[in-house]
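Trainee: Sequence first, then the predicted structure, then my questions.
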Amino acid sequence: MRIIDHEIKRYVVRVKEFKEKSNNLKKLMNEGQTDKYELAAEELRKDEKKLSNIIKKQEKVLFVAFHLLLNLAEDLQIERKMKNRNIITLLMSMLERNNPDLLFIVLNFLKKLSIFGENKNEMKEQGIIEKLNRFIPCNNTLLLQIALRTLFNLSFDQEIRIKMNDQGMIPKLVDTLKAPGFRAQIIKLLYHLSLEDKAKATFTYTDCIPLVYQLIIHCPEPIVGKELIALAVNLTTNQRNADILAGDGQLDEMVARASKYGDTLLFKCIRNIAQFNPNCLDNFVLHLEQYAIMVQQCGENTDLMLELLGTMVYIPSDKWDEVIEKTNFIEFIHNNLVNGFAEDDIVLECVMLIATICRTERIAQMIANSYLIKMLQDLLGAKQEDDEMVQQILNTFFKFLFFTPTREIVLHQTQMVSIVLELLSDKNPNIKGLVNAILDYVQLHDEIWKNEIKIRRFQ
């Protein structure tokens, strides 16, 4: 390491001297001293050639030295000693060189060191993202490949992900994605970058989403690769991205593929489109009956059931009347609300779905004729400690109040109003807001409860 340090210092001195002579030459030219300028220019050309030869010889020495250190660093104790003697600083100073063999060794070394958080922090402080940016892309495939792997290791750090976006790496990575040889590594890296909300917006203005769609639709395997679909899932939490991915009939193609192969994660991506892009509602309505049938055929595949239910929650459509009758859907929901029958996540989605489908007096009558209202009351009593479940049940009961058949049962055949009154002092602001909205509505429609609610509110 002393040899490397010495060579770097020599390089700095030589470059400094050359720059000083170059500046002097510019000064002579500006002053119009032609004779002195020609002599100095000739001398500078000789110095430039001499410096180039020195650098070439030096880089051979540095290549051997770093190669030796990289091999020695296989022993973690020796690697720690190197770290304590500023190996990272020495390596970082090499990233400005142009010798491909030297750069390959240096990048490999940095990749190895970047696994550890302490090393990663030091690289971050020394501006590694700015220095690696020059390699994305580059003509040397080996350097590009090792640079991508180094960036992937570094991208587990949120600050570094933000820095990569700020440095304009995403558009360059997307352009490189078009080359199959680097696709797998770039998709993993883009997945990490897509974790950041600001970065998701950057993806909108690249070709990434059309490329992701093509890779999904033309995937040779029945189930789309996890890294690719995870990238799509992250991107579709942004409305504009979801709109692009679903446009021009692409949503229908994805639903067809997901249905054909039972691809749960692709259905998760489609669910995001339903949730974050209301512009696609008409497209989803076309698939509503298909979804209602598929969800009843999931059997023990609760992951798939969860995604299908979660998508239907975001399809508020008048077509539900027809779908419920054709598919016997009320009974399906009833079965999943039976205590202990389904997982809590499934139960929660069913609760939310009841609120979605309760849109007309006709559907409200179907719900009133079932045991769903009583089951939801029992569920509320059993899940008092689960704020999300309580909130969604209250939201569903609020929807029931809008329609005569369900309102009559809620007000006169259940204990719901009493239970809601007990929640007046709940600390969760969302629950408290729903409680007040429900009680306000009840006061408008029931004189018996009106005075009781007034008294309880001012106790």
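Mentor: Arrived safely.

Trainee: In stretch 74-89, which residues are buried?
Mentor: 79, 82-83, 87-88 (16 or more other CB atoms under 10 Å). All C-beta spots, glycine's among them, are computed from the backbone N, C-alpha and C.

Trainee: ah, wrong one, I meant stretch 324-336
Mentor: For stretch 324-336, burial by neighbour count (16+ other CB under 10 Å) applies to 324, 327, 329-330, 332-334, 336.

Trainee: residues in contact with it?
Mentor: Residues outside stretch 324-336 that contact it (CB atoms under 8 Å, 6 or more residues apart in numbering) are 289, 292-293, 295-296, 323, 341-342, 346-347, 350, 353-354, 357, 363, 366-367, 370-372, 375.

Trainee: how does it look with 10 Å?
Mentor: Residues from elsewhere that reach stretch 324-336 (CB atoms under 10 Å, 6 or more residues apart in numbering): 288-293, 295-296, 305, 309, 312, 320, 323, 341-343, 346-347, 349-351, 353-354, 357, 362-363, 366-367, 369-372, 375.

Trainee: Of the buried residues of stretch 74-89, which is the nearest to residue 201?
Mentor: Distance to residue 201 across the buried residues of stretch 74-89 (CB to CB) is lowest for residue 88, with 32.7 Å.

Trainee: from memory the closest one sits against residue 112, does it?
Mentor: No - counting by CB atoms under 10 Å, residue 88 stays clear of residue 112, with 11.2 Å between them.

Trainee: Mutual contacts of those two, please.
Mentor: By CB under 10 Å, 6+ apart, the residues touching both residue 88 and residue 112 are residue 119.

Trainee: ok, residue 413 to residue 371 distance?
Mentor: According to CB to CB, to the nearest Å, residue 413 stands 11 Å off from residue 371.

Trainee: Measure how buried residue 56 is and give me the count.
Mentor: 10 (other CB atoms under 10 Å).

Trainee: coming back round to it: in helices, which of the buried residues of stretch 74-89 fall?
Mentor: Of the buried residues of stretch 74-89, the ones assigned to helices by DSSP state H are 79, 82-83, 87-88.

Trainee: Any chance of a markdown table for the residues you listed, columns distance to residue 387 and pLDDT?
Mentor: Below are these laid out as a markdown table (distance: CB to CB, whole Å; pLDDT from 0 to 100):
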| residue | distance to residue 387 | pLDDT |
| --- | --- | --- |
| 79 | 48 | 92 |
| 82 | 51 | 91 |
| 83 | 47 | 91 |
| 87 | 51 | 93 |
| 88 | 47 | 95 |
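
Trainee: which residues touch the closest residue to residue 358 other than its chain neighbours?
Mentor: In space, and not counting its chain neighbours, residue 358 is closest to residue 399: 4.8 Å by CB to CB, 6 or more residues apart in numbering. Neighbouring residues of residue 399 by CB under 10 Å, 6+ apart: 354-359, 364, 367, 406.

Trainee: so where is this protein shaky, pLDDT-wise?
Mentor: 1-2, 5-21, 23-44, 46-48, 51, 459 (pLDDT under 70).

Trainee: domains for it, by residue range?
Mentor: 1-134, 168-277, 287-458 (the TED database).

Trainee: related to what we said a few turns ago, ok, the contacts of residue 399 vs residue 265, which is closest?
Mentor: Lowest distance from residue 265 to these (CB to CB) belongs to residue 356, with 23.1 Å.

Trainee: Need the phi and psi values for residue 75.
Mentor: phi -90, psi 120 (degrees, to the nearest 10).

Trainee: just to revisit the earlier point, buried subset of the contacts of stretch 324-336?
Mentor: The neighbour-count test (16+ other CB under 10 Å) applied to those identifies 288-289, 291-292, 295-296, 305, 309, 312, 320, 323, 342, 346-347, 349-351, 353-354, 357, 363, 366-367, 372, 375 as buried.

Trainee: Just the ones of those residues in helices?
Mentor: 288-289, 291-292, 295, 305, 309, 312, 320, 323, 346-347, 349-351, 353-354, 357, 363, 366-367, 372, 375.

Trainee: Does residue 138 belong to a helix, a strand or coil?
Mentor: coil (DSSP: H, G, I helix; E, B strand; the rest coil).

Trainee: For it, the count of nearby residues, please.
Mentor: For residue 138, the count of nearby residues is 14 (other CB under 10 Å).

Trainee: need the contact list for it.
Mentor: Counting by CB under 10 Å, 6+ apart, residue 138 touches 100, 103, 144, 147, 176.

Trainee: which element is the closest residue in space to residue 193 that isn't next to it in sequence on?
Mentor: Once flanking residues are discounted, residue 193 sits nearest to residue 199: 4.8 Å by CB to CB, 6+ apart. Using DSSP states H and E, residue 199 falls within helix 197-203.

Trainee: go on, residue 419?
Mentor: With DSSP H and E as the criterion, the answer for residue 419 is helix 416-422.

Trainee: What residues of that helix count as buried?
Mentor: 416-417, 419-421.

Trainee: With stretch 233-244 instead?
Mentor: For stretch 233-244, a neighbour-count test (16+ other CB under 10 Å) marks 233-236, 238-244 as buried.

Trainee: Likewise for stretch 174-192?
Mentor: Of the residues in stretch 174-192, those buried by neighbour count under the rule 16+ other CB under 10 Å are 174-177, 182-183, 185-192.

Trainee: what's the answer for stretch 206-226, then?
Mentor: Result for stretch 206-226 [16+ other CB under 10 Å]: buried residues 206, 208-209, 211-213, 215-216, 219, 224.

Trainee: Helices - which of these land there?
Mentor: Using DSSP H, those in helices are 208-209, 211-213, 215-216.

Trainee: ok, of those, which one's closest to residue 250?
Mentor: Using CB to CB, those come closest to residue 250 at residue 213, 5.6 Å.

Trainee: Confirm for me that the closest one is in contact with residue 242.
Mentor: No - Residue 213 is not in contact with residue 242 according to CB under 10 Å; the separation is 11.7 Å.

Trainee: what residues are shared contacts of those two?
Mentor: Taking CB under 10 Å, 6+ apart as the criterion, residue 213 and residue 242 both touch 232, 251.

Trainee: hmm, back to that, could you dump the buried residues of stretch 74-89 to CSV with distance to residue 64?
Mentor: Compiled in CSV, the buried residues of stretch 74-89 are given as follows (distance: CB to CB, whole Å):
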residue, distance to residue 64
79, 19
82, 16
83, 21
87, 16
88, 20
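
Trainee: Report the two members of those separated by the largest distance.
Mentor: Pairwise distances across these peak at 11.0 Å for 79 and 88 (criterion: CB to CB).

Trainee: Can you work out which residues contact both of the two?
Mentor: Shared contacts of residue 79 and residue 88, defined by CB under 10 Å, 6+ apart, comprise 109, 113, 119.

Trainee: any idea how far the last one lies from residue 150?
Mentor: Translated: residue 119. 11 Å.
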